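Novice: Give the three-dimensional model of this entry:
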Amino acid sequence: MKWFVKEDSVVREIWGNADTILFIFAGASAEFAVNKSVDWLYFTGKLPADPLARLFSTVTYSRRIVFSEYHAALQAIDQITAIHQKVEKERGAQIPDWAYRDVLFMLIDYSIRSFELLERKLTQVEKAEVFEVFYQVGSRMGIGGLPTDYEAWLIMRNQQLDENFVKSAFSIDLYKQYKKHLGLPRYVMLKEVQVRLVPQHINQLLSLGSWSILKMVLPAYKIARSFRLHQFVKDLILPAKYKMEIAGLDAR
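Specialist: The predicted structure is shown next:
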């Protein structure tokens, strides 16, 4: 059987770990808030209405792609394309290629950053492998102007960070929604993760600060994982409504 992502790929290791996935979307939630195309996410109303539901919807599609047989993965990608085309038709405008690239770049970057923060440093070959998987996704979606290799992506990612982000009224409102739906303790934890994870420019736009308690907590959490106590810790900090979904993210 031909898989979209090889069975021994580091991408499966990254996206088969609930901890890593949660960190990926902690970072993504920061970038969504300051992306210049955030108005598209507000157009349907789904993101501000229930940010966590939107998270698990996105996770479901991402994992279907990563863990599916080749043609099933292509079908999942085509469904994503169709969903966006429907939104474009309803709004009477096209989502620009740069906005699609921003989301794709975000998934590449935070896949790497989250895994390295929680597990280990990736080799250049492994980083290129992460890029290649999401490049194939973007290519199937027909996104224009994609870089063709990891080194070119690094250059474009830095340009994107300089040009495509700004703090706006959407940014402020979206963080209010995060706080509302997560509750104060979990909202604080979200921001602590973002301090450690997001690029400096995103941090500055959101005024996240330079120090995080996660620097002390994370080593203890890693020890808890080695004794299989981490699920108890996650149960304390994650919304009960989504515990089953979060448990299902862990493929190990």
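
Novice: For the helix or strand hosting Thr58, enumerate the helices and strands it packs against.
Specialist: Per DSSP states H and E: Thr58 is located in helix 51-67. Counting contacts by 3 or more CB pairs under 8 Å, 6 or more residues apart in numbering; DSSP states H and E, helix 51-67 is packed against helix 10-15, helix 18-34, helix 46-49, helix 70-91, helix 169-182. Just so you know, the C-beta spots here come from the backbone N, C-alpha and C atoms, and that holds for glycine as well.

Novice: From the chain's centroid, how far away is the helix or strand hosting Gln160?
Specialist: Using DSSP H and E, Gln160 maps to helix 150-163. Offset of helix 150-163 from its chain centre (CA atoms, centre = their mean, to the nearest Å): 17 Å.

Novice: now stretch 100-118
Specialist: 6 Å.

Novice: contacting residues around that stretch?
Specialist: 10-11, 13-15, 17, 19-21, 23-25, 27-28, 31, 35, 37, 62, 84, 122, 127, 130-131, 134, 137-138, 141, 143, 145-146, 153, 156-157, 160, 164, 196-197, 199, 218, 222 (CB atoms under 8 Å, 6 or more residues apart in numbering).

Novice: which of those residues are buried?
Specialist: 10-11, 13-15, 17, 19-21, 23-25, 27-28, 31, 35, 37, 62, 84, 122, 127, 130-131, 134, 137-138, 143, 146, 153, 157, 160, 164, 196-197, 199, 218 (16 or more other CB atoms under 10 Å).

Novice: Can you list the buried residues in the helix holding Gln160?
Specialist: Buried residues in helix 150-163 (16+ other CB under 10 Å): 150, 153, 157, 160-161.

Novice: any idea which of those residues is the one closest to Gly45?
Specialist: Nearest to Gly45 among those is Gln160, at 26.2 Å by CB to CB.

Novice: Thanks again, I'm all set now.
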